[in-house]
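In: The following block contains a protein sequence and its predicted model.
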Amino acid sequence: MSNRIFTYLIFLTMMLACSERYPNSPYIDDGNNIDNKTTPRYFPNKVGSYWIYETYQLDTLNQVVKTSMSYDSVIVVTELMKAGKKAKQFTKYSKTTGTYQKNGDNFYSLEGTKLFALQTYLTKFFQGIPFSFINFSANDWIKIVDPDDDLWRVYRMKFDNTTIPNLPLGTMTGKVDVLASWEGKKNINIDGHSFEADEYLITFSFNGDVAVPFINSLHISIERELYQYYANDIGLVYESMSSSAISFPLLGNINLPGYQSRLIRFNIK
């Protein structure tokens, strides 16, 4: 384990005990923002800032599974060039029991007030699905937040007679469509603290027709919704992904649990 990762793990172990809930630490622009423009207040992103979330799985009725609680900590670790853009790397650490373990990286880039993520951001919509023939690019950006637009297309892909992993005799024809929209301003209450936040909705739609020898053609439809709430000078304060379920030939019924994640602590540099 590198010294850098070891230092982060020690830091994460101490954060829950030492950081304040909702400290009064407004974001201050020091002129070192991405693209040399003022960072939007809804997305403070200076290196060293961190957010801690309490996360629960949602069952097929979108009810909280109380025994599933975990903690997710997200830290801005560096600024870098990524896929042709100036970006910030956000590293996620998760803890169910014991110590925090690294749980992946996300990369974000700002253009004015617009927030972009790499296409790999969309893999979260496929969690629990037993096939992954759609390879989201780590070199292409998608727009996930835009305060100046009410509705936009995030991603679209069509596929035709594509072989399905885990079902080598079958093929699938269909499309993936992802839309995003600004849903207005909402008051979010967390632990007695009220935040005025902008609500964004990302709608994921997967429709495919499966062809398997000796089995009638089967249509598969997956609809998932991701609600996100951004508050000024804080960032993402709450998000919720709806659960879903599909029936798949030879594999049976598959439940795709959702989740909800709420901010419990943060420190904005």
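Out: The structure has been received and is ready for your questions.

In: separation between Ala211 and Thr163?
Out: Here Ala211 is placed at a distance of 11 Å from Thr163 (C-beta to C-beta, to the nearest Å). C-beta: built from backbone N, CA, C; applies to glycine.

In: oh sorry, the question was meant for Trp152
Out: Applying C-beta to C-beta to Trp152 and Thr163 gives a distance of 32 Å.

In: Check Arg156 too.
Out: Counting by C-beta to C-beta - Arg156 and Thr163 are separated by 21 Å.

In: what does Leu110 give?
Out: In this view, Leu110 and Thr163 are 38 Å apart by C-beta to C-beta.

In: the more surrounded of the two?
Out: Shown here are Leu110 and Thr163; by other C-beta atoms under 10 Å, Leu110 has more neighbours (22 against 12).

In: In three-state terms, label the more buried one for me.
Out: Under DSSP: H, G, I helix; E, B strand; the rest coil, the three-state class of Leu110 is strand.

In: I'd guessed it sits against Asn45; true?
Out: Yes - Leu110 lies in contact with Asn45 (C-beta atoms under 8 Å); the separation is 7.5 Å.

In: ok so, going back, what's the overlap in contacts for Ala211 and Thr163?
Out: Shared contacts of Ala211 and Thr163 (C-beta atoms under 8 Å, 6 or more residues apart in numbering): Gly170, Thr171.

In: Helices along the protein, start to end?
Out: 3-18 (DSSP state H).

In: what sits against the residue sitting furthest away from the middle of it?
Out: The centre of the chain is farthest from one residue, Phe214, which by C-alpha atoms, centre = their mean lies 38.9 Å away. By C-beta under 8 Å, 6+ apart, no residues touch Phe214.

In: number of nearby residues for Ser181?
Out: Ser181 is flanked by 15 other residues according to other C-beta under 10 Å.

In: what's the nearest residue to it if we skip its chain neighbours?
Out: Among residues not flanking Ser181 along the chain, Leu151 sits closest, at 4.5 Å (C-beta to C-beta, 6 or more residues apart in numbering).

In: what pLDDT does Glu20 get?
Out: What the model reports for Glu20 is a pLDDT of 45.

In: again, but for Arg265
Out: Looking at Arg265, its pLDDT is 91.

In: repeat for Glu111
Out: 93.

In: swap in Thr162?
Out: On pLDDT, Thr162 comes in at 82.

In: who's it bridged to?
Out: Going by DSSP bridges, Thr162 is paired in beta bridges with Met172.

In: cool, and Ser109?
Out: For Ser109, the beta-bridge partners are Phe116 (DSSP bridges).

In: residues in contact with it?
Out: Each residue near Ser109 by C-beta under 8 Å, 6+ apart is listed here: Ile34, Lys82, Lys85, Lys86, Ala87, Lys88, Leu115, Phe116, Ala117, Trp141.

In: Let's see that with 10 Å instead.
Out: Taking C-beta atoms under 10 Å, 6 or more residues apart in numbering, we find Ser109 in contact with 34-35, 45, 81-88, 115-118, 141, 143.

In: now it: how far from Arg262?
Out: Distance of Ser109 to Arg262, computed by C-beta to C-beta: 26 Å.
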